[in-house]
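Colleague: generate coordinates for the sequence data below:
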Amino acid sequence: MSLFEQILRSAQLPSARALLNALPPIDPVLQKHGLRYNIYRKLLYDPFVFGCVETRRCALESFITQLDRNAPSRSIKVAEAVLNHINLTHFASQCFDAVLFGFSVLEITWQQQSSLILPVKVEAKPQEFFSFSNSGDFQIILDNQPISAEQFPYKFILVQHRPSFLNPYGDALLSRTFWPVTLKRAAQRFWALFIEKYGIPFLLIHHPPNLQDQEVEEIVQKAASTVQDAIVAVPEGSRIEIIESQKTSSSQIFADFKQECDAEIAITILGHTGAARSTPGRLGSEHAALEVKQDRTYADARIVQNALNTLLRFTAELNNTQPVRASLVPPKEIDTIALSERDARLSQMIQFTASYFQKTYKLDPEDFTIAGEPQQFAAEPPDILHTEAETITINGEFLARDLAAKLESAYWDAYNSDPAQ
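Modeller: Below you'll find the predicted structure:
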């Protein structure tokens, strides 16, 4: 099979017979559904699961890719060409699927460009196209036949999340959210029926005891029509009473159960329950939640970093160059509040320059002045038309009386010497 062709093209998943000789997973959910990962994909339709997953995915996609600049220049150029040919954000998102499903497999499509062989497409394929043999070897299922991945060098990147000898399929995070989501959906169905039955007001019809059954039925039909028309005419002696539902305590049971399910999902994906249990205007255990989020984001970044370095190694071997290592680093964030508090304490011992505030806090020179420094104003010429005053004001400061007198004397001398006078 050529490097420049796509191997897995068909969207039709392999049959269950192709998985008969595969190593069975230890995941009880996958055991019941026969290695069909669509059961996990459906969990992502839950709004709360999707929101938690997107929180980790977006944090991962914000990382910056850096190359080791100590490698030879030609190797660095090849590595830079790889980074320019693939969408790094999409690449990281596809690698993150390994955290959700246990493993992810990326198929590489290569292309000859000038003197280089570069990846032009790196695409994740469904987990159902892959399996592991009883000896733990990675296999690709083609035409319902498992084939060792070693027969396709430089074509696939296997990304695994915490694999083990007993479970090479990896640890699927969504497996632990299966029952909370399933129970929450079941409770929501009963909740909807409960609201439909007891949440809307009841119409109590009072009618004379001598009415026939047909006449009573007509009144009931007219009362039912008030849902759309809000107008009804009933016989004399009959009336319709609206009774509001008071079953708020029963509905709270469903709300509490849903919150407990969401809390378990949040613990599984985010590592804390702040997204499910929080007080207005305040996230419980903020510092602990941020530390957990940071630790999990760094772990996700290491998975993507290993996959990216595998891609760079494949490219280097195909082009006979030295592999260049890539690192994923978090974006530089400045805690302005903590920094300003630190600078306030240091300002009691040292004096900062204006350039420091411009670089650190991204301020323009005209936006601030440093306390204690004299302010400079533009010089203004004296107003010689008001020389009769005892003093002359320039920039808010007064000249000495003798200087004013000299200016006044010079003015009258020039005036008296004018031939026109």
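
Colleague: so after whichever strand or helix holds residue 261, what's the next helix or strand?
Modeller: Taking DSSP states H and E as the definition, residue 261 sits inside helix 248-269. Using DSSP H and E, the helix or strand that directly follows helix 248-269 along the chain is helix 286-318.

Colleague: next, the angle from that following helix to helix 248-269.
Modeller: 40 degrees (axes from the mean of the first three to the mean of the last three C-alpha atoms, to 10 degrees).

Colleague: any buried residues in the helix holding residue 261, and which?
Modeller: Of the residues in helix 248-269, 254, 257-258, 260-269 count as buried by neighbour count, 16 or more other C-beta atoms under 10 Å. Quick note: C-beta positions are derived from backbone N, CA and C, even for glycine.

Colleague: how about stretch 22-32: buried residues?
Modeller: For stretch 22-32, by 16+ other C-beta under 10 Å, it's 22, 23, 25, 27, 29, 30.

Colleague: average pLDDT for it?
Modeller: Average pLDDT, stretch 22-32: 85.

Colleague: and the contacts of it?
Modeller: 35-37, 39-40, 102, 131-134, 136, 139, 146, 166-169, 172, 175, 178 (C-beta atoms under 8 Å, 6 or more residues apart in numbering).

Colleague: now, those residues that are in helices?
Modeller: 39, 40, 178 (DSSP state H).

Colleague: tell me the one among those nearest to residue 311.
Modeller: For those, the minimum distance to residue 311 (C-beta to C-beta) is 25.3 Å, reached by residue 40.

Colleague: show the pLDDT at that closest one.
Modeller: So, for residue 40, pLDDT stands at 93.

Colleague: please apply the same query to the one 5 residues further on.
Modeller: The per-residue pLDDT reported for residue 45 equals 95.

Colleague: same question for residue 406.
Modeller: 62.

Colleague: do the one 5 residues further on as well
Modeller: In this model, residue 411 is scored at 61, pLDDT.

Colleague: quick one: stretch 188-202 to chain centroid distance?
Modeller: In terms of C-alpha atoms, centre = their mean, to the nearest Å, the centre of stretch 188-202 is found 35 Å from the chain centre.

Colleague: what comes up buried for it?
Modeller: Those would be 191, 194, for stretch 188-202 by 16+ other C-beta under 10 Å.

Colleague: swap in stretch 348-361?
Modeller: Applying 16+ other C-beta under 10 Å to stretch 348-361 flags residue 357 as buried.

Colleague: for the spatially closest residue to residue 339 that is not a sequence neighbour, helix, strand, or coil?
Modeller: Spatial nearest neighbour of residue 339, chain neighbours left out: residue 360 (6.9 Å); criterion: C-beta to C-beta, 6 or more residues apart in numbering. Assigned with DSSP: H, G, I helix; E, B strand; the rest coil, residue 360 falls in the helix class.

Colleague: got the contact list for stretch 80-91?
Modeller: 61, 65, 67, 106, 116, 118-120, 122, 304, 307-308, 311-312, 315, 326.

Colleague: please redo it, this time with the cut-off set to 10 Å
Modeller: 57, 60-65, 67, 93-94, 106, 108, 111, 113-114, 116, 118-124, 157, 304, 307-308, 311-312, 314-316, 319, 324, 326, 328 (C-beta atoms under 10 Å, 6 or more residues apart in numbering).

Colleague: just the buried ones from these?
Modeller: Here, 16+ other C-beta under 10 Å leaves 57, 60-61, 63, 67, 93-94, 106, 108, 116, 118-119, 122, 124, 157, 304, 307-308, 311-312, 314-316, 319, 324, 326, 328 buried among these.
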